[in-house]
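Q: let's see this in three dimensions:
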Amino acid sequence: MTISVLLIALAAGIIASVIGGMIGGMIVGGKHIGYGVASWMGGFYGPIAGIAGVFIGLAVVYFL
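A: From the prediction side, this is the model:
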């Protein structure tokens, strides 16, 4: 696995975690604080856990 493949996978994982956070924020808090604010907050806080998971997953795949 080359560095370029790792960077592409990292970018794809970050983008997916942002999109997932936005969708999750809209589902969880959309009715209470508004869909726009919930989406924005989910897009901001979603990657906090997503990026850690992507790093761990890529490290496992790289060292196997």
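
Q: could you measure from residue 54 over to residue 19?
A: According to C-beta to C-beta, to the nearest Å, residue 54 and residue 19 sit 13 Å apart. Using the backbone N, CA and C atoms, a C-beta is placed for each residue, glycine as well.

Q: need the pLDDT of residue 40.
A: In the prediction, the pLDDT value recorded for residue 40 is 93.

Q: who's in contact with it?
A: 22, 25 (C-beta atoms under 8 Å, 6 or more residues apart in numbering).

Q: run through the helices of this structure in chain order.
A: Under the criterion DSSP state H, helices of the chain are mapped to 3-33, 35-63.

Q: ok, so what distance separates the spatially most central residue of the chain from residue 29?
A: Among the residues of the chain, residue 17 comes closest to the average C-alpha position under C-alpha atoms, centre = their mean, at 1.4 Å. Here residue 17 is placed at a distance of 18 Å from residue 29 (C-beta to C-beta).

Q: next: residue 16.
A: For residue 16, the distance to residue 29 - C-beta to C-beta - is 20 Å.

Q: thought residue 41 was touching residue 28?
A: No. Contact between residue 41 and residue 28 fails when scored by C-beta atoms under 8 Å: they sit 9.7 Å apart.

Q: between these two, which has more neighbouring residues?
A: The neighbour comparison of residue 41 against residue 28 (other C-beta atoms under 10 Å) goes to residue 41, with 17 against 13.
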